[in-house]
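>>> task: produce atomic coordinates for the following.
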Amino acid sequence: MEFDLPVAPLFRPIDVAPAYQKVADAIEREIVNGRIKPGDPIGTEHDLVRQFGVNRSTIREGIRVLEEGGLIRRDSSRRLHACLPRYSKLASRLSRALVLHEVTFRELYEASMTLEVASIEGAVERATEENIAELAGNLARSEAVVGDAAMLAECDAEFHVLVAKASQNRVLQLAREPAAQLFYPTTEMIVTGVAEGGPRLVAAHRHLIDAIRRRDREAGVLWTRRHLQDWRRGFEKIASLDRSVEHMYMEHAQAARRR
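You can find the predicted model right below:
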């Protein structure tokens with residue numbers, strides 16, 4: 001007796017997104033592509049109902065999705081405006097300016113090479129025992145979350161703030177702060193997309209703390225440069241050096257939500 005073997009289907013069922021998600025995706029796509037800039041008006045709910053040809057409840061649900069993602073905001077008149085995720089959380093006007101001017105990773109890397117080397121030189125010379133203890137505590141937290149991209153990115157950003165603090169140079173701390181606000185998104189992207197990214201980051205931090213403890217300026221500068229070069233190589237594996245960091249992070253976050 002012959003039996004027909006099951007045949008693998010050629011096609012998969014179509015995933016039909018709800019109308020509100022299509023509205024949200026359409027608006028998000030325009031913001032991610034840069035055709036709608038941060039601060040640009042999007043209109044009112046009534047305007048969007050007319051443009052999309054859907055009912056008001058669909059528009060409201062789409063807007064809710066975008067507001068939760070930090071992509072749009074309402075002003076006092078209830079009109080909608082585009083914004084960028086994390087925009088309101090950036091620490092200073094200069095940080096926001098870097099986002100709005102669509103700073104690229106290449107620019108961020110070049111500036112960081114100067115500022116972070118200056119920070120480690122000051123830290124090697126002037127770090128106190130309290131500073132070193134703070135750095136060691138950060139390293140322990142980093143080791144504990146090495147598999148969590150978002151948490152490790154937070155620890156990495158804090159680590160570099162602590163190195164600058166250990167330099168005892170307040171001008172240097174203030175000078176590096178705006179660019180440093182963009183460390184988090186790039187590091188999260190690298191740790192998510194590059195398997196060895198997390199362990200290599202933690203190992204570099206360990207060497208930097210050791211150099212500070214030993215007051216070894218040469219080793220501190222060497223490992224800072226290696227750490228930053230590793231950061232760049234990791235980013236090159238997953239994204240472009242010459243596109244806006246914030247736009248690439250938005251695309252990364254968008255892809256993560258859809259997985």
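>>> let me know the secondary structure of residue 73.
What DSSP: H, G, I helix; E, B strand; the rest coil gives for residue 73 is strand.
>>> give me the number of residues near it?
17 (other CB atoms under 10 Å). C-betas here are computed from N, CA, C, even on glycine.
>>> what about the residue nearest to it when sequence neighbours are not counted, neighbour count?
Using CB to CB, 6 or more residues apart in numbering and skipping the chain neighbours, the partner closest in space to residue 73 is residue 83 (5.1 Å). Counted with other CB under 10 Å, residues neighbouring residue 83 total 20.
>>> is residue 83 in contact with residue 39, as I believe?
Yes - with contact defined as CB atoms under 8 Å, residue 83 reaches residue 39; the gap is 7.2 Å.
>>> separation between residue 110 and residue 27?
To residue 27, residue 110 is 34 Å away according to CB to CB, to the nearest Å.
>>> please pull out the lowest mean pLDDT helix or strand from the chain.
Lowest on mean pLDDT, DSSP states H and E among the helices and strands of the chain sits helix 93-100, with a mean of 62.
>>> which parts of the helix or strand just after that helix are buried?
Using DSSP states H and E, the helix or strand that follows helix 93-100 towards the C-terminus is helix 105-126. The neighbour-count check on helix 105-126 (16 or more other CB atoms under 10 Å) flags 105, 107-109, 111-113, 115-116, 118-124 as buried.
>>> which residues sit against helix 105-126?
With contact meaning CB atoms under 8 Å, 6 or more residues apart in numbering, helix 105-126 is reached by 131, 160, 163-164, 166-169, 172, 175-176, 179-180, 182-183, 186, 208, 211-212, 215-217, 220-221, 223-225, 227-228, 231-232, 235, 239-243, 245, 248.
>>> okay, domains of this structure per the record?
19-82, 88-257 (automatic domain parsing).
>>> can you give me the helices in the chain?
With DSSP state H as the criterion, the chain has helices at 19-32, 45-52, 56-68, 93-100, 105-126, 129-144, 149-166, 170-180, 183-193, 197-213, 217-238, 245-258.
>>> quickly, which of those bottoms out on average pLDDT?
The minimum mean pLDDT among the helices of the chain belongs to helix 93-100 (a mean of 62).
>>> center of the chain - which residue?
residue 185 (1.1 Å; CA atoms, centre = their mean).
>>> so what's that one up against?
86, 153, 245-246, 249, 252.
>>> how about the residues you listed, which pair is most distant?
153 and 246 (14.6 Å; CB to CB).
>>> where's stretch 19-35 relative to the chain centroid, distance-wise?
20 Å (CA atoms, centre = their mean, to the nearest Å).
>>> for that stretch, buried residues please.
Going by 16+ other CB under 10 Å, stretch 19-35 has these buried residues: 19-20, 23-25, 27-28, 31-32.
>>> ok, residues contacting it?
By CB under 8 Å, 6+ apart, stretch 19-35 touches 17, 36, 42, 48, 52, 54, 58-59, 61-63, 65-66, 69, 71-72, 82, 84, 102, 244, 247, 250-251, 254.
>>> which among those count as buried?
36, 42, 48, 52, 54, 58-59, 61-63, 65-66, 69, 71-72, 82, 84, 244, 247, 250-251, 254.
>>> is it true that residue 166 touches residue 131?
Yes - contact criterion CB under 8 Å: residue 166 and residue 131 qualify, at 3.8 Å.
>>> quickly list what's touching both of those two.
In contact with both residue 166 and residue 131: 123, 212, using CB under 8 Å, 6+ apart.
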